[in-house]
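got a predicted structure plus its sequence, pasted below:
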Amino acid sequence: MPPMKKTASNQTTTRSSKSASGGDVATLADGNNSASGTEQVDGEAKAQVPEELITRVLHDMFEKENTRISKDANRAVGKYLDVFIREALMRASAERGARFLEVEDLERLAPQLLLDF
């Protein structure tokens, strides 16, 4: 497997909008965003959770303020979150059989997904 490369073009992003029924809709859209958090793997853009966001969320959850986390551990948590998010989107898409997902589609599968992870 070739090494992962960061790219600023052909990025896939998740966008939220309102559906005709008034619910939120999550879609994947190609964008040209230069923000970090996207890697190029086998010619395919792959969005990731930014490391800064992971660090912030983890530090907000720590009970002791002086708790530290290494960069390697932060990357491992990021990889885990990436797999978790992709699995949630794939399951919701397979269950609904559509490209566009409602928030309710993800909420419906959340309990089983959490048990599986």
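Yep, it's here.

longest helix of the protein?
helix 71-96 (DSSP state H).

what packs against it?
helix 51-61, strand 101-102, helix 103-116 (3 or more C-beta pairs under 8 Å, 6 or more residues apart in numbering; DSSP states H and E). Where you see a C-beta, it was placed from the backbone N, CA and C, and this is true even at glycine.

now do it against helix 51-61, angle only.
100 degrees (axes from the mean of the first three to the mean of the last three C-alpha atoms, to 10 degrees).

one step back: could the helices and strands packed on helix 71-96 be laid out in a markdown table, adding mean neighbour count?
What follows is the helices and strands packed on helix 71-96, written out as a markdown table (neighbours: other C-beta atoms under 10 Å):
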| stretch | mean neighbour count |
| --- | --- |
| helix 51-61 | 13 |
| strand 101-102 | 20 |
| helix 103-116 | 13 |
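
among these, which is nearest R91?
R91 lies closest, by C-beta to C-beta, to one member of the helices and strands packed on helix 71-96: helix 103-116, at 5.1 Å.

just the CA trace of the closest one, in PDB.
Listed in PDB are the C-alpha atoms of helix 103-116, where the atom choice follows Å, rounded to 0.1, in the frame of the first residue of the first chain:
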ATOM      1  CA  VAL A 103     -30.000  12.800  10.700                       C
ATOM      2  CA  GLU A 104     -32.600  10.300  11.800                       C
ATOM      3  CA  ASP A 105     -30.900   7.600   9.600                       C
ATOM      4  CA  LEU A 106     -27.700   8.000  11.700                       C
ATOM      5  CA  GLU A 107     -29.600   8.200  15.000                       C
ATOM      6  CA  ARG A 108     -31.400   5.000  14.200                       C
ATOM      7  CA  LEU A 109     -28.200   3.000  13.900                       C
ATOM      8  CA  ALA A 110     -26.200   4.700  16.700                       C
ATOM      9  CA  PRO A 111     -27.000   2.200  19.500                       C
ATOM     10  CA  GLN A 112     -25.900  -0.900  17.500                       C
ATOM     11  CA  LEU A 113     -22.900   0.900  16.100                       C
ATOM     12  CA  LEU A 114     -21.700   1.900  19.700                       C
ATOM     13  CA  LEU A 115     -22.100  -1.700  20.800                       C
ATOM     14  CA  ASP A 116     -20.100  -2.900  17.800                       C
END
